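Participant: coords please:
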Amino acid sequence: MNLNLSPKPNKYSNIIKNDIILTIYFNTLMIYYYILICIFESIFGILSYPFNFLFRTPYHEVPEIYYIKTKANDEIISKLPISKYKCPPWLVGPFIQTLVYYSIRSNNPTSFRREFIQMTDGVDVAIDIKDYKLSDTAPIVFICHGIGGGSDEPLIAKVSDICLEKGWRCIVYIRRGHQGTSLLPKTNSNLKPKIFPVHCDMEDMSAVVHHVNTKYPNSKKIIAGFSAGSNIAVKYLATAEFEKYKIVAGISLCNGHNLNDLTNELEEKRPILNHLMTKNLKNVFRNRFHEIKFLCNIHHIDLNIKAALQAKTARNFEFELLPIYGYDKTEEELERYYLDNSCCHVIHDVKVPLLSIENRGDPCIARHLSNYVRNAAIQNENIISIITERGGHLGWMEGWRQSWSVKIIISYIETVFTRAIVPMDDIR
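Facilitator: The predicted structure is shown next:
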């Protein structure tokens, strides 16, 4: 489909311009507010440390670990560095933890190469691959990114470089409309294209994994998800043909599990993080605005673009997008959309070993949402759930550029790829 979608002056130009100005204004306010909170958390942590030490309640904590005792699980846990999370006094707060997470950098950064995979509706979805000089049979770590993200996220960049050093191919699934990808079909198709990416597109995910397996049929594979990507990964692992695709395990990091509860909590109690999630969603929308508008017009979808651009919360924004998603514009349908795109109802059905790492102090995720994986872990022998009190969102920083979770992730991958050589039933 060859189209000229260069921006032209229209009735939405001023709305977009005003929305960008307001976004910059609120971003500036939020940044100052966020920095003040981080400073307060650090000062409080340092000043209270002597008292914590005196009363033997230091900031080092033993994580809670939930799992069914089997030979396989005992073997895995024995090889993970999870005995204690050592949180420095100046990093005890969730906001400073999340901020310092962005300091994560690789010692030897390498570049991804991009490939495109055409979906059934004619739209190209991207995968970013890091596999310099690796054979076609090298093990694969397949990663799902977060909202508005991609392969340039700090944690993904760090983990992928370590994977390459250890001889594992890293493949990042780039969701529709993210990181410069188009929402327009490249070929004619009778199917209506998905005009804006939903949170948990199992059709796209399945097609991408199938493509990867076709290209690397003899490689063992681990499916990992970070932040919102963990929701996609877990939902896929509950339904995947894991034996056919040689999927040997999964990893879930900072998973909200239930998007309806998560967005309600953000709207009611967490304005800073609600603003951040809304900003990420609207950035994707603005970046692909002309494509979205064009697709809505040719498919006769009534989208209130002005209301979407002016939405102040994630729920308000996605409420306006319900017609694009195929739902009616009601609060009941918004809840149904979120639950349809959540892994909370299927996590008990995960069929391969799954390592979940959560913390109850995550500023993006309500404390009770970690209960989904905890409850699943005590019922499903495939799941190991690790939960701490501190750690921020994707953080668990033990100092500048030092992440406890990265050490666990790499140790888990190494352990699973090694034991995957032995039939699973032999070590249960």
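Participant: now residue 129, what's its secondary structure?
Facilitator: With DSSP: H, G, I helix; E, B strand; the rest coil as the basis, residue 129 sits in strand.
Participant: what number of residues are in the vicinity of it?
Facilitator: 20 (other Cβ atoms under 10 Å). Glycine gets a C-beta too; all of them are placed from N, C-alpha and C.
Participant: any idea what it is bridged to?
Facilitator: residue 113, residue 171 (DSSP bridges).
Participant: any idea where the strands of the stretch 301-428 of the chain begin and end?
Facilitator: In the stretch 301-428 of the chain, the strands defined using DSSP state E, counting those that start in this stretch lie at 354-359, 383-388, 397-399, 402-403.
Participant: which residues touch residue 330?
Facilitator: Residue 330 makes contact with no residue under the criterion Cβ atoms under 8 Å, 6 or more residues apart in numbering.
Participant: mind listing what's buried along stretch 307-316?
Facilitator: 308, 309, 310, 311, 313, 314, 315, 316 (16 or more other Cβ atoms under 10 Å).
Participant: restricted to helices, list those residues.
Facilitator: 308, 309, 314, 315, 316 (DSSP state H).
Participant: just give me the closest of these to residue 146.
Facilitator: Ranked by distance to residue 146 (Cβ to Cβ), those are led by residue 314 at 13.3 Å.
Participant: hmm, back to that, now for the ones in helices among the buried residues of stretch 307-316, which pair is the farthest apart?
Facilitator: 309 and 315 (15.5 Å).
Participant: okay, the buried residues of stretch 307-316 in TSV with pLDDT and distance to residue 345 next?
Facilitator: Below are the buried residues of stretch 307-316 laid out as TSV (pLDDT from 0 to 100; distance: Cβ to Cβ, whole Å):
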residue	pLDDT	distance to residue 345
308	91	28
309	87	32
310	87	33
311	91	27
313	94	24
314	95	21
315	96	20
316	96	25
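Participant: redo those as JSON lines? Include distance to residue 101.
Facilitator: Output for the buried residues of stretch 307-316, formatted as JSON lines (distance: Cβ to Cβ, whole Å):
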{"residue": "308", "distance to residue 101": "30"}
{"residue": "309", "distance to residue 101": "30"}
{"residue": "310", "distance to residue 101": "31"}
{"residue": "311", "distance to residue 101": "27"}
{"residue": "313", "distance to residue 101": "24"}
{"residue": "314", "distance to residue 101": "21"}
{"residue": "315", "distance to residue 101": "25"}
{"residue": "316", "distance to residue 101": "27"}
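Participant: which one of those residues is nearest to residue 277?
Facilitator: The closest of these to residue 277 turns out to be residue 314 (Cβ to Cβ; 4.6 Å).
Participant: these two touch, right, that closest one and residue 277?
Facilitator: Yes. Residue 314 is in contact with residue 277 according to Cβ atoms under 8 Å; the separation is 4.6 Å.
Participant: list residues touching both of the two?
Facilitator: With Cβ under 8 Å, 6+ apart as the test, residue 314 and residue 277 both reach 263, 266.
Participant: give me the pLDDT for residue 18.
Facilitator: In this model, residue 18 is scored at 64, pLDDT.
Participant: what does residue 371 give?
Facilitator: With respect to pLDDT, residue 371 has a value of 96.
Participant: tally of neighbours for it?
Facilitator: Counted with other Cβ under 10 Å, residue 371 comes out at 17.
Participant: now the closest residue to residue 197 other than its chain neighbours: which helix or strand?
Facilitator: Closest residue in space to residue 197, ignoring its immediate chain neighbours: residue 176 at 4.3 Å, by Cβ to Cβ, 6 or more residues apart in numbering. Using DSSP states H and E, residue 176 sits within no helix or strand.
Participant: from what I see, residue 176 and residue 205 are in contact.
Facilitator: No. In this structure, residue 176 is not within contact of residue 205 by Cβ under 8 Å, at 11.0 Å.
Participant: helices of the stretch 1-150 of the chain, start to end?
Facilitator: 13-54, 71-78, 94-101 (DSSP state H, counting those that start in this stretch).
Participant: which of those helices has the lowest mean pLDDT?
Facilitator: helix 13-54 (a mean of 74).
Participant: re the thing from before, which two in the buried residues of stretch 307-316 are spaced the farthest apart?
Facilitator: 309 and 315 (15.5 Å).
Participant: residue contacts, the nearest residue to residue 120 once chain neighbours are set aside?
Facilitator: Distances taken as Cβ to Cβ, 6+ apart place residue 191 nearest to residue 120, at 6.1 Å, with adjacent residues excluded. Applying Cβ under 8 Å, 6+ apart, we find residue 191 in contact with 120, 121, 122.
Participant: for ChimeraX, write the selection for the buried entries among these.
Facilitator: Buried subset of these, written as a ChimeraX selection, criterion 16+ other Cβ under 10 Å:
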select :121,122
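Participant: need the contacts of residue 191 in a markdown table (columns: distance to residue 249).
Facilitator: Listed next are the contacts of residue 191 as a markdown table, based on distance: Cβ to Cβ, whole Å:
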| residue | distance to residue 249 |
| --- | --- |
| 120 | 28 |
| 121 | 31 |
| 122 | 33 |
